[in-house]
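A.B. asks: sequence-free structure coming up:
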């Protein structure tokens, strides 16, 4: 008790205080969380709609996973023609180094972006959004940022667990490097795509490749284990992922397939962040991955890297991607555009 | 329901989803929040000590407030000689423009800081930490940053409600401006001190004074009302302030004394952030003021200002000030030092 009192000796400087009995876990009572008054009305409407209907699905076999993923992908694809039209982009399927990719091209490429290209890794827990279904974020980035984007359709479990996704990510990066200066290449993605963005830099560095000029990791899945305070504090506060014990934790196991989840290529929070390119990170106050995001930000800043953090009021996991028109989406893509414009060579 | 479905049309792109029934408030069940594994051991020990003993005190009269404040100030003062010794600083009481101040001088002033000065506003809900008791953050800044600091002992309720504190803040700023170039003046503070830092810039601009070269607002009390999602989401998660319904909400009323709390000089979130000097903001994932912090950060970035945000894992309100030795404290003051070094004229 005396050491705890010693640590607290300065607490009284700010607030009148003295410690109570030691507690191994903090009891937080049940509460009703009102709609966030300071969030956009679009976001409030999303929150009002309740939790994702599928958050607690638990496909049990490879076939069940595939059926579950297919159902989601079908819905996702249905929304894309309207989104491409709205964002004013064309898209084309192709291959780089044997990996399926989509090239998204805006009608107008900004003059400073003429020689730049962004590589995109989609989100979805390493299982969702195969094929075209994974291109929404790339479409919005290309449209809002007036920049070319290559979205990588990396292989996923159940057929292709780790390291297939990262092997594909690296193969595409090598392929893009063959015809582009690294300082003009940006890499970005949200959730799993954010984690892959960080892991790609770790792998590129390990293989002595030149690093991309700048990266953006939106609410990155930086720790596949349930480590990080917001996994607990924002449990059931987040209305997208809701809880680690939903499909998310199952997806972590499916992807890791017995590999150590503390391997930095699976959980990049355990990597070394010295020498990273300029990085922007984003999250929300309700995000189950708030800690996944701020822990990476702290490591980057401690390593002396340029690292920006933005946190949206009342936002759950990756929710800035859910409607291209919501203010939080526009701000997200404006932040990324500004960041890439500032840090990529033109 | 159809508009909600329309907004959700893209949700399926990222995750398999469809909305459930509308909910005006989100039910969050009771939970046990474990110690944050990724926070420092110092911080975990603080969390283990439980809530501030005084968080739910409710002084009812002016005399009760004064007795409560005195008790806290006495404890705070007792810790300061050791802190000054540890940080290698001297301190001297004085007055600027009729306002009581303390000048904190480190033994070694960094060469680039020779012509710089920082103005500090202490925290404590506009009621706590009168006199020397308010100088801990200034001492740590001076010691870790190797820079001169002037800490302002502004007047407080119950005797002096709004606008006394801001009048004193502005008077000192004017006084310091008389002998220092604004571009070499930094302003900083935590909690109430962070809110005052923001309000000072708003008032200085309104009075056509040159603005400080850079500012730091640690977890600023930017909204004195209970507006901001983390007032609800981090209710009882934060172990320092714990709840708005503790002494904090009473202090807001005592200070505002009938003034509109949406006045930007009381709640600077409602101010106009165009033309602000470079600003760094800090908070923690468990901070009751996380929303107070990120809302200001969003407004600054939307206004095109340079604004950095740092968020510490598992940290409650202002907890980085509670022990000079804890890693989160060292990181906080390193962040501020780096920021002032980068943005103040040398």
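C.D. replies: Yep, that arrived. This structure is a prediction, so every number in the text was calculated from the model and none was measured. Numbering: from 1, shown residues only, chains lettered A, B, ... in the order given.
A.B. asks: For chain A, which segments count as helices?
C.D. replies: Shown for chain A, the helices assigned by DSSP state H span residues A:2-7, A:11-14, A:41-48, A:62-87, A:136-145, A:164-177, A:192-206, A:229-233, A:247-256, A:290-302, A:327-343.
A.B. asks: I'd like these laid out as JSON lines, including distance to residue A:318 and mean neighbour count.
C.D. replies: For the C-beta atoms, the positions are set from N, CA and C on the backbone; glycine is no exception. Output for the helices of chain A, formatted as JSON lines (distance: least, CB to CB, whole Å; neighbours: other CB atoms under 10 Å in any protein chain shown):
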{"stretch": "helix A:2-7", "distance to residue A:318": "37", "mean neighbour count": "12"}
{"stretch": "helix A:11-14", "distance to residue A:318": "35", "mean neighbour count": "28"}
{"stretch": "helix A:41-48", "distance to residue A:318": "12", "mean neighbour count": "20"}
{"stretch": "helix A:62-87", "distance to residue A:318": "13", "mean neighbour count": "16"}
{"stretch": "helix A:136-145", "distance to residue A:318": "9", "mean neighbour count": "27"}
{"stretch": "helix A:164-177", "distance to residue A:318": "18", "mean neighbour count": "20"}
{"stretch": "helix A:192-206", "distance to residue A:318": "9", "mean neighbour count": "25"}
{"stretch": "helix A:229-233", "distance to residue A:318": "14", "mean neighbour count": "26"}
{"stretch": "helix A:247-256", "distance to residue A:318": "12", "mean neighbour count": "21"}
{"stretch": "helix A:290-302", "distance to residue A:318": "11", "mean neighbour count": "25"}
{"stretch": "helix A:327-343", "distance to residue A:318": "10", "mean neighbour count": "20"}
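A.B. asks: Which of these sits closest to residue B:342?
C.D. replies: Nearest to residue B:342 among those is helix A:290-302; the distance by CB to CB comes to 12.8 Å.
A.B. asks: How about that closest one and chain B, any contact?
C.D. replies: Yes: using CB under 8 Å from any CB of the partner chain, helix A:290-302 reaches chain B at A:290-291, A:294-295, A:297-298, A:301-302.
A.B. asks: so who does the closest residue to residue A:332 other than its chain neighbours touch?
C.D. replies: Counting by CB to CB, 6 or more residues apart in numbering or on different chains, residue A:332 lies nearest to residue A:320, which is 4.2 Å off, once chain neighbours are set aside. Residues near residue A:320 by CB atoms under 8 Å, 6 or more residues apart in numbering or on different chains: A:218, A:282, A:284, A:312, A:326, A:328-329, A:331-332.
A.B. asks: Now flag whichever of these is closest to residue B:154.
C.D. replies: Comparing those against residue B:154 with CB to CB places residue A:312 closest, at 33.0 Å.
A.B. asks: Would you confirm that the closest one contacts residue B:298?
C.D. replies: Yes: distance between residue A:312 and residue B:298: 7.1 Å, which falls inside the contact criterion (CB atoms under 8 Å).
A.B. asks: Report the set of residues contacting both of the two.
C.D. replies: Counting by CB under 8 Å, 6+ apart, the common neighbours of residue A:312 and residue B:298 are residue A:331.
A.B. asks: Could you check how many residues crowd around residue A:23?
C.D. replies: Neighbour count of residue A:23, defined by other CB atoms under 10 Å in any protein chain shown: 16.
A.B. asks: again, but for residue A:260
C.D. replies: Residue A:260 - counted by other CB under 10 Å - has 13 other residues nearby.
A.B. asks: distance of residue A:177 from residue A:151?
C.D. replies: Applying CB to CB, to the nearest Å, one obtains 17 Å for the distance of residue A:177 from residue A:151.
A.B. asks: next one: residue A:334
C.D. replies: Going from residue A:334 to residue A:151 by CB to CB gives 20 Å.
A.B. asks: Now do the residue of the stretch 51-200 of chain A found nearest chain B, the pLDDT please.
C.D. replies: Sorted by distance to chain B under CB to the nearest CB, the residues of the stretch 51-200 of chain A start with residue A:72, at 3.0 Å. Note for residue A:72: predicted pLDDT of 96.
A.B. asks: Then the one 4 residues further on?
C.D. replies: pLDDT, the model's per-residue confidence, is 94 for residue A:76.
A.B. asks: same thing with residue A:14?
C.D. replies: Predicted confidence (pLDDT) at residue A:14: the value is 41.
A.B. asks: What sits closest to residue A:40 if chain neighbours are left out?
C.D. replies: What sits nearest to residue A:40 in space, not counting adjacent residues and going by CB to CB, 6+ apart, is residue A:327, at 4.3 Å.
A.B. asks: Quick one: residues contacting that neighbour.
C.D. replies: With contacts defined as CB under 8 Å, 6+ apart, the neighbours of residue A:327 are A:40, A:42-43.
A.B. asks: picking up where we left off before, pLDDT added to the residues of helix A:290-302 next to chain B, as JSON lines?
C.D. replies: Shown next, in JSON lines, are those (pLDDT from 0 to 100):
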{"residue": "A:290", "pLDDT": "98"}
{"residue": "A:291", "pLDDT": "98"}
{"residue": "A:294", "pLDDT": "98"}
{"residue": "A:295", "pLDDT": "98"}
{"residue": "A:297", "pLDDT": "98"}
{"residue": "A:298", "pLDDT": "98"}
{"residue": "A:301", "pLDDT": "98"}
{"residue": "A:302", "pLDDT": "97"}
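A.B. asks: With distance to residue A:316 added, can I get these in a markdown table?
C.D. replies: A markdown table is the format used below for the residues of helix A:290-302 next to chain B (distance: CB to CB, whole Å):
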| residue | distance to residue A:316 |
| --- | --- |
| A:290 | 10 |
| A:291 | 14 |
| A:294 | 16 |
| A:295 | 18 |
| A:297 | 19 |
| A:298 | 22 |
| A:301 | 25 |
| A:302 | 28 |
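A.B. asks: Which one of those residues is nearest to chain B?
C.D. replies: Within the residues of helix A:290-302 next to chain B, proximity to chain B (CB to the nearest CB) peaks at residue A:294, which comes in at 4.2 Å.
A.B. asks: ok, residue A:142 - contacts?
C.D. replies: When the contact criterion is CB under 8 Å, 6+ apart, the partners of residue A:142 are A:87, A:89, A:104-106, A:118, A:148-149.
A.B. asks: Nearest to residue A:340 among those residues?
C.D. replies: Each of the contacts of residue A:142 was scored against residue A:340 by CB to CB, and residue A:118 proved nearest at 6.9 Å.
A.B. asks: Which pLDDT value belongs to that closest one?
C.D. replies: Confidence at residue A:118, expressed as pLDDT, is 98.
A.B. asks: Correct me if wrong: it contacts residue A:140.
C.D. replies: No: at 11.7 Å, residue A:118 and residue A:140 do not qualify as touching, with contact defined as CB under 8 Å.
A.B. asks: Tell me, how many residues neighbour the residue nearest to residue A:31 when sequence neighbours are not counted?
C.D. replies: On the basis of CB to CB, 6+ apart, the spatially nearest residue to residue A:31 that is not a chain neighbour turns out to be residue B:28, at 5.3 Å. The number of residues packed near residue B:28 is 19, by other CB under 10 Å.
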